[in-house]
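Enquirer: Pasting the sequence and the predicted model now:
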Amino acid sequence: MSKVSLFIPCLVDMFAPSIGMATVAILERLGVETVYHDEQTCCGQPALNAGYGNYALEAARRFISIFGDDEVIVSPAGSCVYMIKRYYPELLEDDPLYPMAVDLSSRVYELSQYLVDVLDITDVGAQYEGKVAYHESCHILRGLGISRQPKVLLSKVKGTEIVPLFAAEMCCGFGGEFADRYHYISEEMVKDKVNNFQASGADVLITCEPGCYLNLNGFLHRQQENKKVLHLAQLLAGPEFQGL
Amino acid sequence: MKIRTEEFNSIAKKEINNAYARAFLGLLPPIIAMRRVQVMSSFPNPDQALKLSRAIRSESIARLPDLLEEFEQKATKSGAKVLWAKDAQEARKLVLSLIRDRGATFVTKGKSMVTEEIGLNEALEQAQIEPIETDLGEFIAQQLNRPPFHIVGPAINVPVEEIRDLFLREGIMKEDTTDPVQLGYAARIYLRDKFHHIKVGLTGVNMAVAETGTIINVENEGNIRFNKSSPITQISIMTPEKVVPSLRDAMHIIRLLCRSCTGQKISAYVTLDTGPKKAGEIDGPEELYIIIVDNGRSEIYANPRTREVLRCIRCGACLNTCPVYTKIGGYPYGWAYSGPMGQILNPLLLGLDRTQDLYRACTQCGTCRDICPGGIDHPALFLYYRSCDVEGNEKLAGKKRPRSERISFSLWGLAVKNKLLWNTALRLGRFLTKKYSSDGWLTNLGRLFPGWFKERDFPSISDSTFRERWKEMRKGKYGHP
Amino acid sequence: MDTRKEIINRLRSAPRSSSEPRPDVPPLPELALGRSELIQKLMDELTKLEVSCHRVVREEVREKLAEILVGEGITKVIVSNDRIVSAFDLSAWGKERGFMVYRSSDFNDRDTLKRVVFEEVEAGVTGVDFAVAESGTLGIIHDHNQPRLVSLAPVTHIALVPTSKVVPIYEQVVDEVFLKGGNIPSQFTFITGPSMTADIKATPFKGMHGPRRLIAIIYDDD
């Protein structure tokens, strides 16, 4: 039996724990043993984003000390995985931990990537009656090059029809503090995404990225829209995982 | 041109409500960017083609000093006169004295971003020499005294009614029309007369080829060809990083430049000039001046982190695909270069202190990096600029962030490496935000994050976080505490 | 220290960086085409660019040219003096057919040439040194027999394109013109379709500053 170490980023831990629970449920259903290091905090992305590389470096060091010995690390958050793969080696360039950072980055997987590319599983036995559209989150599509994997998983969900989403690869406008500081631009972007979602005729929009999930659901909730956005893990795990 | 990079937010808030401009901007991603994708597929292997152009730019920059000297030597041998200017002021002085010495009262110009960067038009006007932009979009933008809205279509956002009024007022046209084609032809006739009688033509340079000393211009209208054919004196202005190793390299870059820029395989005219006209040739310049303006490039080059910016070939593809640019257009960037291209370049040329919003107004979505034929990682550069700003980097004129932000992040920095502190902060946060929470959602947080909460809610910190749920679950599962 | 030295020194004293590995030029499909397919590809590309293409045999060139001028209502033309055009002795042809034909070699000062190309003639006729199938691009070497303004200033440009000048891709052109060790021309121009713009309201139209019409007469010479 495979064994994976869960990396549940802070946004999921605090604001959408059901995504984390859904991740565990899917993996266990597939017979994968999960481990969760209770000491984990944050990958450091917010600090790096804001220009506080020194604090992001602290987060990177800590992450490596916690996860360094794990064979496989899986996360339901593509942008955090991207942070580790793309920026940890750069942050630790002049640090003795550099080789560890490079080595670690090859063992971190985004959830759908792990399921499809590593486990070679496309049907997780999920069921959902309705139409779904897939939002290609920036760091997942362009950062990690993941697009096929979530779609093939969706295609195997019983009862589900995948409908195309116009401009699926366009950013939803989250970008961390961007969404607050430049809210007037971000709002136009999230509106576009939601309009395209509405026009797609999908009942639910799927993303693999908690940032997009919070942004789009935050907007839909304010607009009192009935439609909602689900993380892929939530759809795959089943209805009891589809709350916050 | 007045530099307005510090007014980013106020201009952007105005422009985002400009329905006319938005209608055009809305077409960029689905039409212009798609056209790029289509024409890229004319390569048997688009990725390889892109990789090659990136590698050429990479090599051009790695070998910059050698290539530049080789270019100078070959260009000089071909009869061109190569002059150097260290900054905007020196460049203006050089151009001005060349024009004055030739007794020209007006000059026609091909589109040249570097002349906008060095404020050449203003200097010429002050010296009573009329600079006439001849690219149609630049011509209109110049008359309206506006910065370029888009590097490829500088006035593409200007309503036809406004152009009609302008042309009638300036005597460029007599007939009252708002037909874009008729407006264009009016400008053609007006400028044709100028082309006929110019003594000095000014152009930019798309590429300078080291192996032959050739300069290359890429255009669709033919105005640059006129500027290089009709006058007795041609002045072509470039920055050092325009140099490429070979002609074959240049031609492959052109493949990518035109596909990325307008979705063409190649633009209508590509001209390769090697020296002035030869004896016996009837047209073309008797003297060709190539002015190499550094204006900060060698400083950018000295820093290995910023050097990458010099790989830009000014195709403008990053504008067409940027989710921010396509909402606000070119004006908020406040200067000659807009969109991701301007966001990487302007902060280095003007200082991080004066361009705060340029490297922050980005979601890190990465479409610019993905399509860039120069191979630039714009999002990573923005992160670097942000970090230099935070640390108050003197060379790049970093400003340091407000005290409150620095304190917040230093506390974050403490918590991120201490589980106890992290969990305590989380519980404290949950307690403090309780009063704003209803049904599991926050609709505001008092003075915190007012932008976010303008049109969006946010989930409350969960009553049972993943960490807590995990513990519960394991307890239940294994039946022991 | 002078400016040049200062700039070069600063560039030289910067830390060195290495270049990314360089893949080959992608093997463009035109390289695999046979002669007649190549010519067809050229014509397809030209047609896409709204260039009027006329395929004739060598003996029909003068006739075709006359037909085009009559069709376009053109009476005054300037012809360049390049080897391709001169072979057709268009002065004599013009006299026969009743067209006013200026030869670029008739002029020896810039101003008179400019007056004629800007104000007198309605078309410029030139040969081409290359025709690149890759993108329907015509390549012209400018020299004393091929002034720059002949293919630029008149509102119509008519290009005589012998099929022997057709090559698959750009690299072959620049190798031939610049790297064979001969005289490098002061200007070389790649022309791909008529002059155009879309700068007002993104509305495309032909003939912004250069020719509004580009007409290619393609004939066999080999």
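Expert: Looks like it came in fine. Residues are numbered from 1 along each chain as shown, chains lettered A, B, ... in the order given.
Enquirer: Which residue ranges of the stretch 151-300 of chain B form strands?
Expert: Ranges of strands in the stretch 151-300 of chain B, per DSSP state E, counting those that start in this stretch, are B:200-203, B:207-209, B:214-219, B:233-238, B:243-244, B:269-273, B:287-293.
Enquirer: Which one of those strands lies nearest to chain C?
Expert: The closest of those to chain C is strand B:269-273. By Cβ to the nearest Cβ, the value is 4.1 Å. For glycine as for every other residue, the C-beta is placed from the backbone atoms N, C-alpha and C.
Enquirer: Say whether chain C is contacted by the closest one.
Expert: Yes: Strand B:269-273 comes into contact with chain C (Cβ under 8 Å from any Cβ of the partner chain), by way of B:269-273.
Enquirer: if we can go back for a sec, the strands of the stretch 151-300 of chain B into TSV, with extra columns for mean neighbour count, distance to B:Gly171 and mean pLDDT?
Expert: Output for the strands of the stretch 151-300 of chain B, formatted as TSV (neighbours: other Cβ atoms under 10 Å in any protein chain shown; distance: least, Cβ to Cβ, whole Å; pLDDT from 0 to 100):
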stretch	mean neighbour count	distance to B:Gly171	mean pLDDT
strand B:200-203	28	23	98
strand B:207-209	27	37	98
strand B:214-219	25	26	98
strand B:233-238	25	28	98
strand B:243-244	27	42	98
strand B:269-273	26	29	98
strand B:287-293	24	32	98
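Enquirer: Among those strands, single out whichever gets nearest to A:Met21.
Expert: strand B:243-244 (55.0 Å; Cβ to Cβ).
Enquirer: strands paired with that closest one, and their directions?
Expert: Strand pairing for strand B:243-244, using DSSP bridges, gives strand B:207-209 (parallel).
Enquirer: what's next to the partner strand, contact-wise?
Expert: Applying Cβ atoms under 8 Å, 6 or more residues apart in numbering or on different chains, the external contacts of strand B:207-209 come out as B:71, B:75, B:214-216, B:238, B:242-247, B:249-250, B:253-254, B:272, B:290, B:313.
Enquirer: 7 Å - rerun?
Expert: By Cβ atoms under 7 Å, 6 or more residues apart in numbering or on different chains, the residues outside strand B:207-209 that reach it are B:71, B:215-216, B:238, B:242-244, B:246-247, B:250, B:253.
Enquirer: Enumerate every residue touching C:Ile78.
Expert: C:Ile78 makes contact with C:102, C:104, C:116-117, C:121, C:124, C:150, C:154 under the criterion Cβ under 7 Å, 6+ apart.
Enquirer: so where's chain A uncertain?
Expert: A:1 (pLDDT under 70).
Enquirer: Name the single longest strand found in it.
Expert: strand A:127-134 (DSSP state E).
Enquirer: ok, then the element right after that one?
Expert: helix A:138 (DSSP states H and E).
Enquirer: can you give me how far that next one is from the chain middle?
Expert: Between the centre of helix A:138 and the centre of its chain there are 11 Å (Cα atoms, centre = their mean, to the nearest Å).
Enquirer: Determine if any part of it is in contact with chain B.
Expert: Yes: using Cβ under 7 Å from any Cβ of the partner chain, helix A:138 comes into contact with chain B via A:Cys138.
Enquirer: which strands and helices sit next to that helix?
Expert: Using 3 or more Cβ pairs under 7 Å, 6 or more residues apart in numbering or on different chains; DSSP states H and E as the contact test, no helix or strand touches helix A:138.
Enquirer: SS state for C:Pro15?
Expert: coil (DSSP: H, G, I helix; E, B strand; the rest coil).
Enquirer: if we can go back for a sec, direction included, what does the longest strand of chain A pair up with?
Expert: Sheet pairing of strand A:127-134 (DSSP bridges) gives strand A:158-162 (parallel), strand A:204-207 (parallel).
Enquirer: among those, which is nearest C:Thr137?
Expert: Among the strands paired with strand A:127-134, strand A:158-162 comes nearest to C:Thr137, with 42.9 Å by Cβ to Cβ.
Enquirer: Contacts (any at all) between chain B and the helix or strand just after that closest one?
Expert: Remark: after strand A:158-162, the chain's next helix or strand is helix A:178-181, criterion DSSP H and E. Yes: judged by Cβ under 7 Å from any Cβ, helix A:178-181 comes into contact with chain B through A:178-181.
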